[in-house]
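Engineer: pasting the sequence and the predicted model now:
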Amino acid sequence: MVDLTRVWDVMVVGGGNAALCAAITARKAGASVIVCEHAPKAMRGGNSRHTRTVRALHAAPTGVLTEKYLEEEYWDDLLKVTGGRTDEALARMTIRASEQAPKFLESCGVVFQPSLSGTLSLSRTNAFFLGGGKALLNALYRTAEKLGVELLYDTEVQHIAFDDGFAREAVVSHRGFPERIRAKAVIASSGGFQANRAWLREYWGDAADRFQIRGTPYAQGRVLKDLLAQGAQAVGDPTQFHAVANDAPRYAGYLAGGTWGIMNEVGNWPGAWWLFPYTSWYQWGYGATGASGDLYVIIMTVLFALPFIFLPWIPGLRDIPKATRLYRVMWKPHYDEQRRNS
Ligand SMILES: Cc1cc2nc3c(=O)[nH]c(=O)nc-3n(C[C@H](O)[C@H](O)[C@H](O)COP(=O)(O)OP(=O)(O)OC[C@H]3O[C@@H](n4cnc5c(N)ncnc54)[C@H](O)[C@@H]3O)c2cc1C
């Protein structure tokens, strides 16, 4: 049970990569740290759970990164995707800091894998997380827990209150109940507003209604809006984001037959329904947060399938169809005809 009456040294808002790295760093420096994540435990991690890679500056081959990738090339690459509308000071600070990122993440138990070879290989620029974003987050959460960071799930920060220019207190909804959490410092790392259609509409008009949001539904930008309303300085260009063309209809049809993949977390209900027996293992317990989630899911799916495969040989189970006479419903026309002929 987390003590919500105490004053924490640091409160971290959000539960993605940025938040966990900040929480771990603060805790290692000796601060008491509480993390407030809006999502429930099984959905923790924001857009970071969808990521595959981190792009990192390096002057020589390191681990899985080959050759070299220097600041000017990184900066030029960034300009190509932003069309030049980039805050240079902020971008260069991030580029320089990216050199430390793989090493820091490895120190938190994150494992990288070599990228695929061939013409589309990214091995020179991008380090791939073994197991993807979910494995990245599981490692970060495990490290944070081990260090004694307090984790509050299902906790939406709704407002950050300032006192004399310093953030002191957050108004939160914790499992649906209003609470206040006090801290000497607050780190807001709760992502953007990529899943907030109303806000996207302000820049994109009606087109926003046809966007497929591939990431977390918790990217609502509530803290961002709250801070901007209180005078925080905006930086960057809110109309920029990573998008790909997708001609699938927004509702019926999306993931309804033509698209294959483990994609229940995107698209509308029921998504790729035929993958449910497989993907549901990822939603609870060890599958959602365990270190070897993929292996666990494969084992559970095989165990789940075995009774169906061996049904004809399992005494008792194999008699269920006979006892329920379900086959008579399925083959009704045949039995109707048999009755008529007899
Ligand atoms: C499908 C997809 C694929 C991607 N692939 C890559 C890739 O390969 N390489 C790459 O570099 N980038 C990739 N990205 C982008 C990358 O995932 C994000 O830039 C990065 O994860 C952002 O990290 P973050 O910690 O800032 O935000 P997030 O990971 O989004 O974390 C924000 C956190 O804040 C929480 N939160 C939000 N509002 C509140 C609130 N009011 N109170 C409390 N908590 C709140 C959310 O639940 C979440 O936990 C991808 C993104 C998507 C969607």
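Structural biologist: Cool, the structure landed.

Engineer: I figured residue 134 hits residue 49, correct?
Structural biologist: Yes - using C-beta atoms under 8 Å, residue 134 makes contact with residue 49 at a distance of 5.1 Å. Any C-beta I mention is one placed from the backbone N, CA and C, and that applies to glycine too.

Engineer: what is in contact with these two at once?
Structural biologist: Listed as contacting both residue 134 and residue 49 by C-beta atoms under 8 Å, 6 or more residues apart in numbering is no residue at all.

Engineer: what about stretch 104-120, start to end distance?
Structural biologist: Distance between the two ends of stretch 104-120: 27 Å, counting by C-alpha to C-alpha, to the nearest Å.

Engineer: how far off centre is that stretch?
Structural biologist: A distance of 18 Å separates the centroid of the chain from that of stretch 104-120, by C-alpha atoms, centre = their mean, to the nearest Å.

Engineer: in it, what's buried?
Structural biologist: Buried positions in stretch 104-120, judged by neighbour count with 16 or more other C-beta atoms under 10 Å: 105, 108-110, 112, 115.

Engineer: how about JSON lines for those residues, with distance to the ligand and secondary structure added?
Structural biologist: Output for the buried residues of stretch 104-120, formatted as JSON lines (distance: C-beta to the nearest ligand atom, whole Å; DSSP: H, G, I helix; E, B strand; the rest coil):
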{"residue": "105", "distance to the ligand": "12", "secondary structure": "helix"}
{"residue": "108", "distance to the ligand": "14", "secondary structure": "coil"}
{"residue": "109", "distance to the ligand": "17", "secondary structure": "coil"}
{"residue": "110", "distance to the ligand": "13", "secondary structure": "coil"}
{"residue": "112", "distance to the ligand": "13", "secondary structure": "strand"}
{"residue": "115", "distance to the ligand": "11", "secondary structure": "coil"}
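
Engineer: now the residues you listed in CSV, with pLDDT?
Structural biologist: As requested, the buried residues of stretch 104-120 are arranged in CSV below (pLDDT from 0 to 100):
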residue, pLDDT
105, 97
108, 97
109, 96
110, 95
112, 93
115, 81
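
Engineer: show me what contacts residue 193?
Structural biologist: By C-beta under 8 Å, 6+ apart, the residues touching residue 193 are 199-200, 219-221, 224-225.

Engineer: now, which of those residues sits nearest residue 17?
Structural biologist: Nearest to residue 17, judged by C-beta to C-beta, of these is residue 219 at 13.2 Å.
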